[in-house]
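[1] sharing a sequence plus its predicted fold:
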Amino acid sequence: MFELTVEMAAVLFSVAILAGFIDSIAGGGGLLTIPALLWAGLPPAAALGTNKLQSCGGSFFASWYFIRKGMVDVRKIKLSLACAFVGASLGTIGVQMIDASVLETLLPFLILAIGGYFLFSKKISENDRNQVITPTVFAFTAALGIGFYDGFFGPGTGSFLALAFVSLAGFGLAKATAHAKLLNFSTNVASLIFFAIGGQVVLVLGLIMLVGQAIGATLGSRLVVTKGVAIIKPLVVFMSLLMSIKLLFSQYF
C-alpha cells in the first residue's frame, strides 16, 4: 500500500517544479514526473492519473500567464479548446480498449522528427506566417487529433501542438508555445476527469505536486515571453531527443 512520507513529498514537489518549468517551454515534463511517481510506489494507473492532476497545475498557471500577457485570445480558440477536450476524453476511453503497441513502436521516431523540424526548419521564428488551414479546420483536425493522442498515450503532446500551430496556423514560436499550453490544459482536465472517475488519482500527492508545477510553470512561462525562440527552440530539440531515447530504451531494453 502506498504511504506518503514528508521526505517523499519534498522530493516529488521538487521534481514537479523542474517538470513544470520544462513543460511550459518545450513539453516533456512527464519524463520526470511519471518515473518519479512510479519510484514513489504508485501503481502505473495511479501514477498516470496523479500525473494528470499535477500537470493541470502547470498547464493552468502557464496558460494564465500567457493570457495575462496578451499572447492568447481565448475567444479565438474556443472551438479548438473544445475539440481538444473531446479528443482527450475519447482517447482516455479508447486506450482502455485498443492495443497501443503500434503507437509505442512509431512514437520515438515521430518525436525525433519533431525535434529535427524545430532544429532545421526555416519556418521557426518569432514572426507569424500565412496560415495553411482555417481555425475551424484546425480545431477539427489538429486539436481533436492531438487531444485524442494525449488521452490515449501522451508523451510529447506539447511538442505536437506547438508544431501544429507553427506549421498549420502560421504562428511564431512563442505564440505557438502559448497556445499549445492552453490546449494542453484542456486535454489534461479531460483525462483527469476519467482517471478520477476510475479512482486512479492520489489526491494529496497530486495537489502537493500541483503547487510545484505551478511554481515551475510560472518561471518557465516568463522565459517564453522574454527569450522566445532563443530558449524554446534548443529546449524543444533537446527534449524531443530525450523523449525518443527514453521511449526506445523502454521498448527494447
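    Perfect, I can see it now. Note that the structure is a prediction, hence the values are computed from the model and not measured.
[2] and the lowest-mean-pLDDT helix or strand in the chain, what's buried?
    Lowest mean confidence among the helices and strands of the chain (mean pLDDT, DSSP states H and E): helix 101-120, at a mean of 76. Neighbour counts using 16 or more other Cβ atoms under 10 Å place L107, P108, L110, I111, L112, I114, G115, Y117, F118 of helix 101-120 among the buried residues. C-beta here means a position set from N, CA and C on the backbone, and glycine is covered the same way.
[3] how far off centre is stretch 133-151?
    15 Å (Cα atoms, centre = their mean, to the nearest Å).
[4] poorly predicted segments of the stretch 51-200 of the chain, please.
    Where the stretch 51-200 of the chain drops to pLDDT under 70, the residues are 96, 98-104, 122-125.
[5] what ranges do the helices span in it?
    Using DSSP state H, counting those that start in this stretch, the helices of the stretch 51-200 of the chain run over residues 78-94, 101-120, 135-138, 144-152, 157-167, 173-197.
[6] give me the contact list for the fourth one.
    Among residues not part of helix 144-152, those counted as contacts by Cβ atoms under 8 Å, 6 or more residues apart in numbering are 83-95, 98, 100, 103, 157, 160-161, 164, 183-184, 186-188, 190-191, 194.
[7] please apply the same query to the fifth one.
    Contacts of helix 157-167 from elsewhere in the structure, counted by Cβ under 8 Å, 6+ apart, are 23, 26-28, 111, 114-115, 117-118, 123-124, 132, 138, 142-143, 146, 149-150, 171-173, 175-177, 179-181, 183-184, 187, 236, 239-240, 243.
[8] out of those, which are buried?
    Buried members of the contacts of helix 157-167, scored by 16+ other Cβ under 10 Å, are 23, 26-28, 111, 114-115, 117-118, 124, 138, 142-143, 146, 149-150, 171-173, 175-177, 179-181, 183-184, 187, 236, 239-240, 243.
[9] list the contacts of the nearest residue to G147 once chain neighbours are set aside.
    Excluding the flanking residues, the one nearest G147 by Cβ to Cβ, 6 or more residues apart in numbering is G87, at 2.7 Å. Neighbouring residues of G87 by Cβ under 8 Å, 6+ apart: A143, L144, G145, I146, G147, F148, Y149, D150, G151, T187, A190.
[10] now for those, which pair is the farthest apart?
    Largest separation among the contacts of G87 by Cβ to Cβ: G145 and A190, giving 14.1 Å.
[11] comparing those two, which residue is more hemmed in?
    For G145 and A190, the more surrounded residue by other Cβ atoms under 10 Å is A190, and the numbers stand at 23 against 16.
[12] didn't A214 look like it was pressed against D23?
    No: contact status for A214 versus D23: not in contact, 11.4 Å apart, counting by Cβ atoms under 8 Å.
[13] need the overlap of contacts for those two.
    Common neighbours of A214 and D23 (criterion: Cβ under 8 Å, 6+ apart): G58.
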